[in-house]
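[1] Got a predicted structure here, sequence first:
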Amino acid sequence: MFYRASNSDPGTGLGLYICKEILQNIDGRIFVESAKGAGTVFILHIKNKAASL
């Protein structure tokens, strides 16, 4: 279901898993771009269902 990269950091490690599950339920997507020493970017794509009404 999920895993934590390190046991030394606080938290449960559930945050990204919960985001992924919510986005799947609303036809959204999550992407990750990461570079060692530069940081990580999370990109969320969420459809604007109101625009299609």
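    Received it, and whenever you're ready, just let me know what you need.
[2] Just the strands from the chain, written as ranges.
    Along the chain, counting by DSSP state E, strands occupy 29-35, 39-45.
[3] Reformat the ones you listed into JSON lines and put mean pLDDT, distance to residue 20 and mean neighbour count next to each item.
    C-betas here are computed from N, CA, C, even on glycine. Shown next, in JSON lines, are those (pLDDT from 0 to 100; distance: least, Cβ to Cβ, whole Å; neighbours: other Cβ atoms under 10 Å):
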{"stretch": "strand 29-35", "mean pLDDT": "92", "distance to residue 20": "6", "mean neighbour count": "10"}
{"stretch": "strand 39-45", "mean pLDDT": "92", "distance to residue 20": "10", "mean neighbour count": "10"}
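[4] I'd like the distance between the residue positioned nearest the centre of the chain and residue 27.
    Nearest to the geometric centre of the chain sits residue 16, at 4.4 Å (Cα atoms, centre = their mean). Counting by Cβ to Cβ, to the nearest Å, the gap from residue 16 to residue 27 is 18 Å.
[5] What of residue 44?
    Distance from residue 44 to residue 27, by Cβ to Cβ: 12 Å.
[6] for this protein, which spans come out with low pLDDT?
    Applying pLDDT under 70 to the chain flags the ranges 1-6, 9, 12-13, 53.
[7] Quick check, residue 27 in contact with residue 47.
    Yes: taking Cβ atoms under 8 Å as the definition, residue 27 is a contact partner of residue 47 at 5.5 Å.
[8] I'm done for today, thanks for sticking with me.
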